[in-house]
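>>> Turn this into a model:
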Amino acid sequence: MWHLTEGGAPRRWVAIGVTTAALLAVTACGGNSTESDDDEQVTLRFSWWGNDDRARITEQALDAFEAEHPNITVEGEPLDFEGYFDRLATSVAARDAPDVITLGGAYPREYGDRGALLDLSEVQEQLPTDDIDPAALSNGFFSDVQYSIPTGVNTYCVVVNPDVFEAAGVPLPDDTTWTWDDFAEIAQQISARSPEGTYGAADPTSADTLDLYARQQTDTGLYTEDGGLAIEAGTVQDWWTMTKALSASGGAPPATLTAELAEAPPEQTLMGRGLAGMQFDWSNQLTALRTASGAPLELLRTPGESTGVAPGMWLQASQSYAIYSGSEHPEEAAMLIDFLVNSEEAASFILADRGLPANSEVLEAITPQLDENTSAQAEFIAEIGQDVNPDLIIGPTGSTETRLIVQRLNDEVLFDRMSVEDAATALVDEVATAIAQ
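Numbers count the residues shown, from 1 in each chain. All right, here's what the predicted structure looks like:
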């Protein structure tokens, strides 16, 4: 069902706004949701962010959904990322949010805590989750409620450049057994045997690595299930003791370069320029990093996965779909989400644009259609999927400040303006204050 813009060209979306999503019942290759009442005409609003390419492939998937449900019209509301969440906040405040809302990061928890999202157990008949990886589902589960479903997943891991390893005469590690001591030793070896300006590892400190490291050491990450702070100053102190020594030894760059690269896009990072043997990053950055470096980069498990008290790695929802709690058509919205995440037909259009499918059968079905770089990501996700930590805790409201707090205090440590002990205490205090607002 087409909607005309002012220019008269057929388009499936309207000027942006609010959430969306009519859900699709099952086809031979789709989900298992029930049929909508064909006599009732239903219009769903579906919001997402992204460029024209994403809009095009989303439109193709929505065409297929509407073909299965001629009584359902989906009005897409795409917007650039920069203005998306401001518009969403306004629409939620006005109680005029889309039926199906695309979310990311800590937003499912934030909007769920505010009562803006539907408890998806109310539409479980239309939106079965049996075939979606439990670790991926945990991205939208908190306060004992499933508020969102992952559009797709990626993972935080170590990207390695085999060419840098080979030139330095250092073998790639066994990522099923390596430790943090191994990581530091390998980084130092590569730096010592490489030309000036090439490092064994980019500085590994970030909120994501701290979350991962804390889970390995204590079985809890940055946050508690009830939205409090879990990480302790002692864990942060141990981390910075290790990474400060890594920089001092030359295994990682000096403070000036680390600070300069803190917000660098993939092509400007050390890995993207072919100047690092190892770099912590998201698996979905592999294509950009390979393209920029021209090297056959690989993905590895992080150090310490087999030697800690628990795995630290997790499956991260690239984005997630949720249903507005005020939707007049929650069942149809659930059918749309079911189609988008559980249908091979929808996946044949979307592929990995919103992350690799968390439904293993759908991922297997589309893998032959993926390019070489995305296939490498899919194979890595399939390899580590059963080993990651299933108990992901989404950051509470205010946790978006954590990244900046970690980055600033990391500079203080590396530039010797603050002791490791004082910086660890400051991090705990500042993050606790940010999430208590």
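
>>> so the nearest residue to Asn161 once chain neighbours are set aside, which of the three states?
Spatially, and ignoring its direct neighbours in sequence, Asn161 is nearest to Ala295 (5.1 Å; CB to CB, 6 or more residues apart in numbering). Every C-beta, even on glycine, is put in place using the N, C-alpha and C of the backbone. With DSSP: H, G, I helix; E, B strand; the rest coil as the basis, Ala295 sits in coil.

>>> Would you mind measuring from Ala295 to Gly169?
Distance from Ala295 to Gly169, counting by CB to CB, to the nearest Å: 17 Å.

>>> The two: who's more crowded?
Legend: neighbour count by other CB atoms under 10 Å for Ala295 and Gly169, higher for Ala295 (16 against 10).

>>> and the longest strand along the chain, how far out from the chain's middle?
Longest strand of the chain, by residue count under DSSP state E: strand 149-160. Remark: strand 149-160 is offset 6 Å from the chain centroid, using CA atoms, centre = their mean, to the nearest Å.

>>> Domain map for the chain?
The record's domain split for the chain, according to automatic domain parsing, is 3-152+318-377, 155-314+393-436.

>>> Can you flag the weakest of the ones you listed by average pLDDT?
Lowest mean pLDDT within the domains of the chain: domain 3-152+318-377, at a mean of 85.

>>> For the closest residue to Leu120 other than its chain neighbours, grab the count of nearby residues.
Distance criterion CB to CB, 6+ apart; nearest residue to Leu120, sequence neighbours excluded, is Gln146 at 4.5 Å. Counted by other CB under 10 Å, the residues lying close to Gln146 total 21.

>>> now do Thr367
Applying other CB under 10 Å, I find that Thr367 has 17 neighbouring residues.

>>> Look at it and give its secondary structure.
helix.

>>> Touching, it and Ala376? I think so.
No: counting by CB atoms under 8 Å, Thr367 stays clear of Ala376, with 10.6 Å between them.

>>> between those two, what contacts are shared?
When CB atoms under 8 Å, 6 or more residues apart in numbering defines a contact, no residue borders Thr367 and Ala376 alike.

>>> As a check, name the ranges of all strands in the stretch 201-350 of the chain.
With DSSP state E, counting those that start in this stretch, the ranges of strands along the stretch 201-350 of the chain come out as 276-282, 298-300, 315-323.

>>> Could you list every helix and strand in contact with the longest strand of the chain?
helix 134-137, helix 207-218, strand 276-282, strand 298-300, strand 315-323, helix 330-342, helix 372-384 (3 or more CB pairs under 8 Å, 6 or more residues apart in numbering; DSSP states H and E).

>>> let's see 7 Å
strand 276-282, strand 298-300, strand 315-323, helix 330-342, helix 372-384 (3 or more CB pairs under 7 Å, 6 or more residues apart in numbering; DSSP states H and E).

>>> And the contacts of the second one?
Strand 298-300 is touched from outside by Cys157, Val158, Val159, Val160, Pro162, Asp175, Ser283, Leu286, Ala376, Phe380, with contacts defined as CB atoms under 7 Å, 6 or more residues apart in numbering.

>>> how about the nearest residue to Val164, chain neighbours excluded?
With CB to CB, 6+ apart, the residue lying closest to Val164 is Gly277, at 4.2 Å.

>>> And the helices in the stretch 1-150 of the chain?
Ranges of helices within the stretch 1-150 of the chain are 52-68, 81-93, 107-113, 134-137, based on DSSP state H, counting those that start in this stretch.

>>> Could you work out which of the ones you listed reaches nearest to Glu412?
Among these, helix 107-113 comes nearest to Glu412, with 28.7 Å by CB to CB.

>>> could I get stretch 192-207 in PDB with only the CA atoms?
The C-alpha coordinates for stretch 192-207 follow below in PDB (Å, rounded to 0.1, in the frame of the first residue of the first chain):
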ATOM      1  CA  ALA A 192      59.500  -4.300  19.700                       C
ATOM      2  CA  ARG A 193      59.800  -6.100  16.400                       C
ATOM      3  CA  SER A 194      57.900  -3.600  14.200                       C
ATOM      4  CA  PRO A 195      58.800  -0.300  12.500                       C
ATOM      5  CA  GLU A 196      58.400   2.900  14.600                       C
ATOM      6  CA  GLY A 197      54.700   3.900  14.700                       C
ATOM      7  CA  THR A 198      53.400   0.300  14.600                       C
ATOM      8  CA  TYR A 199      52.100  -1.000  17.900                       C
ATOM      9  CA  GLY A 200      51.200  -4.400  19.200                       C
ATOM     10  CA  ALA A 201      47.800  -3.100  20.300                       C
ATOM     11  CA  ALA A 202      45.700   0.000  20.300                       C
ATOM     12  CA  ASP A 203      44.900   1.200  23.800                       C
ATOM     13  CA  PRO A 204      42.100  -1.100  25.000                       C
ATOM     14  CA  THR A 205      40.400   1.100  27.500                       C
ATOM     15  CA  SER A 206      36.700   1.800  27.000                       C
ATOM     16  CA  ALA A 207      33.400   1.400  28.800                       C
END
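
>>> hmm, back to that, which of the strands of the stretch 201-350 of the chain sits closest to Arg417?
Taking CB to CB, strand 276-282 is the member of the strands of the stretch 201-350 of the chain nearest to Arg417, at 23.7 Å.

>>> Flag every buried residue along that closest one.
Going by neighbour count (16 or more other CB atoms under 10 Å), the buried part of strand 276-282 is Ala276, Gly277, Met278, Gln279, Phe280, Asp281, Trp282.

>>> cool, and stretch 132-143?
Neighbour counts using 16+ other CB under 10 Å place Ile132, Asp133, Ala135, Ala136, Leu137, Ser138, Asn139, Gly140, Phe141, Phe142 of stretch 132-143 among the buried residues.

>>> Can you tell me, leaving aside adjacent residues, what's nearest to the second one?
Distance criterion CB to CB, 6+ apart; nearest residue to Asp133, sequence neighbours excluded, is Ala358 at 4.9 Å.
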